[in-house]
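Engineer: fold the following for me, if possible:
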Amino acid sequence: MKEPNRESYGLGLATYILSCGTFLGHEGGVNGTASIAMVSPDASDGVVIALNLRSGEDPRLPELADQMLCGSP
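Structural biologist: Predicted coordinates for the structure are as follows:
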């Protein structure tokens, strides 16, 4: 699942380059919700974020995950 088939995606997994390293995961959403889940390749660290939103505004979940995992501002 880690081998990219299209650009940065494997079999449902995306590669996220955060300020503290590389993580694997997936994000998505439909009207009113957005989510992301990512884990380090060695499974030593990870995060899951799920939001209920009132608008279609992009919550920039990869940046929020970076703040939570890496402590970046």
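Engineer: report how many residues lie close to C20.
Structural biologist: Neighbourhood size, C20 [other Cβ atoms under 10 Å]: 13. All C-beta spots, glycine's among them, are computed from the backbone N, C-alpha and C.
Engineer: now swap in the one 5 residues further on and tell me
Structural biologist: The burial metric for G25, expressed as a neighbour count using other Cβ under 10 Å, is 20.
Engineer: start the count at 26 instead of 1 going forward.
Structural biologist: Sure, I'll start counting at 26 from here, so that last one is G50.
Engineer: that one pairs with what?
Structural biologist: Assessed by DSSP bridges, G50 has beta-bridge partners A39, M63.
Engineer: show me the residues around it that make contact.
Structural biologist: Residues in contact with G50 (Cβ atoms under 8 Å, 6 or more residues apart in numbering) are L38, A39, Y41, I61, A62, M63, V64, G71.
Engineer: buried residues of stretch 49-61, list them for me.
Structural biologist: Buried residues in stretch 49-61, counting neighbours by 16 or more other Cβ atoms under 10 Å, are found at L49, G50, E52, G54, A59, I61.
Engineer: sorry, slip of the keys, the one I care about is stretch 38-45.
Structural biologist: Quick answer for stretch 38-45 (16+ other Cβ under 10 Å): L38, A39, T40, Y41, L43.
Engineer: over to stretch 90-98?
Structural biologist: A90, D91, L94.
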